[in-house]
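>>> All I have is the shape, not the residue letters:
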């Protein structure tokens with residue numbers, strides 16, 4: 001359980017020290033990581049290599065009042081590992097092409113890693129990172145944020161308890177409109193690297209938001225995707241990577257699904273939704289109204305389950321910070337990933353086994369496999385391909 005007692009050496013009964021790579025000026029996700037890491041008072045960000053530009057890196061570190069700023073992640077990993085007051089974990093908030101080398105550098109230095117998704121740039125890097133993590137007794141957490149929502153964890157608990165029966169069909173959609181225009185040609189930092197194959201990888205839309213849909217489906221149902229058929233489109237002229245994808249899914253238990261993701265869906269903000277249909281009932285969750293889970297039992301009225309109330313599962317309750325009726329959302333869900341990962345870092349330090357409960361290197365490998373195979377399917381004219 002998340003709140004199990006951890007007996008720590010006296011030297012470790014303190015707030016954990018964190019560092020960050022990337023996330024400097026002009027970045028969105030860096031500040032989100034910092035807020036999430038520090039929300040529960042369990043850690044504080046102390047050091048960073050926040051930009052490849054040394055001046056910008058120092059300026060970003062000064063804006064965060066960090067104790068130490070570095071001009072490279074390799075130097076930071078080396079120096080922090082030597083310090084008696086060095087960081088306990090590092091946050092990787094860089095473009096995708098840097099995830100693997102940064103993670104490797106810090107794991108090799110004996111420092112725990114919390115990484116943004118997708119986990120790596122290539123499938124080969126993902127497989128290698130699994131080997132590295134397995135060879136170390138260190139925490140590697142992946143920030144698939146949506147698994148941190150209490151209502152999502154309630155949905156998983158209900159599937160595990162058999163309340164919806166056997167899963168037959170899953171519909172996932174994640175629609176945005178922020179790339180409707182060619183922002184990459186207008187100097188927009190996020191658009192520039194996400195649409196650039198040399199920094200984003202094989203995919204833009206599926207790698208960025210489609211992997212969240214894949215992870216959410218497998219997290220809630222406990223069932224892996226067996227095969228897929230993907231259709232990619234780049235609607236914006238001269239855009240190399242896709243900005244829209246429609247994917248048919250076959251699940252390992254014989255169930256079927258669809259995953260739709262788009263960044264050119266006019267009028268949509270961050271519209272992530274999932275519907276799970278079983279032989280006894282259905283579940284429905286909407287990220288833009290995250291405190292409600294809809295339960296559709298066969299032959300009975302629908303139920304609106306609300307976060308923070310006594311009937312929710314212990315897993316859902318453990319991720320809830322505010323009284324019922326008070327909005328909880330993205331930052332709190334993000335912080336739940338950190339809460340569980342930090343608890344495991346403390347366990348490792350005390351010689352106890354990890355308990356998990358957050359996305360790991362194996363979830364990261366699944367995500368990269370999903371991207372790799374979706375791209376392969378799309379290039380083959382929407383042919384069916386196996387996930388393995």
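Perfect, thanks for sending it. Being a predicted model, the structure only gives us computed values, none of them experimental. Residues are numbered from 1 along each chain as shown.

>>> For the most far-flung residue of the chain relative to its centre, pull up the helix or strand it's in.
No residue in the chain has its C-alpha farther from the mean C-alpha position than residue 299, which lies at 35.9 Å (C-alpha atoms, centre = their mean). Element membership for residue 299 (DSSP states H and E) is empty, with no helix or strand holding it.

>>> who's in contact with it?
Shown here is residue 299, which makes no contacts under the criterion C-beta atoms under 8 Å, 6 or more residues apart in numbering. In this view, the C-beta of every residue, glycine as well, is placed from N, C-alpha and C.

>>> ok, it to residue 280 distance?
Going from residue 299 to residue 280 by C-beta to C-beta, to the nearest Å gives 10 Å.

>>> Quick one, grab the pLDDT at the residue most central in space within the chain.
Nearest to the mean C-alpha position of the chain, counting by C-alpha atoms, centre = their mean, stands residue 144 at 1.7 Å. The confidence metric pLDDT takes the value 96 at residue 144.

>>> Test my guess that it contacts residue 118.
No - with contact defined as C-beta atoms under 8 Å, residue 144 does not reach residue 118; the gap is 9.9 Å.

>>> Which residues are in contact with each of the two?
Common neighbours of residue 144 and residue 118, using C-beta under 8 Å, 6+ apart, are 211, 367.

>>> Would you map the strands across the stretch 51-200 of the chain?
Here the stretch 51-200 of the chain has its strands, by DSSP state E, counting those that start in this stretch, at 68-69, 89-93, 112-115, 140-142, 167-175.

>>> Can you convert these into TSV and add a column each for mean neighbour count and distance to residue 196?
Conversion of the strands of the stretch 51-200 of the chain to TSV gives the following (neighbours: other C-beta atoms under 10 Å; distance: least, C-beta to C-beta, whole Å):
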stretch	mean neighbour count	distance to residue 196
strand 68-69	18	26
strand 89-93	27	17
strand 112-115	26	20
strand 140-142	27	22
strand 167-175	21	21
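
>>> Quick one: closest of those to residue 200.
Nearest to residue 200 among these is strand 89-93; the distance by C-beta to C-beta comes to 14.7 Å.

>>> The closest one packs against which elements?
Secondary structure elements in contact with strand 89-93, counted by 3 or more C-beta pairs under 8 Å, 6 or more residues apart in numbering; DSSP states H and E, are strand 16-22, helix 29-38, helix 73-82, helix 99-108, strand 112-115, helix 330-349.

>>> mind listing what's buried in the last one?
Of the residues in helix 330-349, those buried under the neighbour-count criterion (16 or more other C-beta atoms under 10 Å) are 330, 332-349.

>>> What of the fourth one?
The neighbour-count criterion (16+ other C-beta under 10 Å) identifies 99-107 as the buried residues of helix 99-108.

>>> how about those in JSON lines, adding pLDDT and distance to residue 126?
Putting those into JSON lines (pLDDT from 0 to 100; distance: C-beta to C-beta, whole Å) gives the following:
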{"residue": "99", "pLDDT": "97", "distance to residue 126": "9"}
{"residue": "100", "pLDDT": "98", "distance to residue 126": "8"}
{"residue": "101", "pLDDT": "98", "distance to residue 126": "13"}
{"residue": "102", "pLDDT": "98", "distance to residue 126": "14"}
{"residue": "103", "pLDDT": "98", "distance to residue 126": "11"}
{"residue": "104", "pLDDT": "98", "distance to residue 126": "12"}
{"residue": "105", "pLDDT": "98", "distance to residue 126": "17"}
{"residue": "106", "pLDDT": "98", "distance to residue 126": "17"}
{"residue": "107", "pLDDT": "98", "distance to residue 126": "14"}
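
>>> for the protein, what are the low-confidence residue spans?
1-12 (pLDDT under 70).

>>> hmm, 90 instead?
In the prediction, the chain carries residues with pLDDT under 90 at positions 1-13, 25-28, 52-54, 189, 325-328, 388.

>>> returning to that earlier point: between the buried residues of helix 99-108, which sits nearest residue 260?
The nearest one, if we look at the buried residues of helix 99-108 relative to residue 260 and count by C-beta to C-beta, is residue 99, at 25.8 Å.

>>> That closest one touches residue 114, doesn't it?
No - look at residue 99 against residue 114 with C-beta under 8 Å: they stay out of range, at 11.6 Å.

>>> For these two, list the residues in contact with both.
Taking C-beta under 8 Å, 6+ apart as the criterion, residue 99 and residue 114 both touch residue 92.
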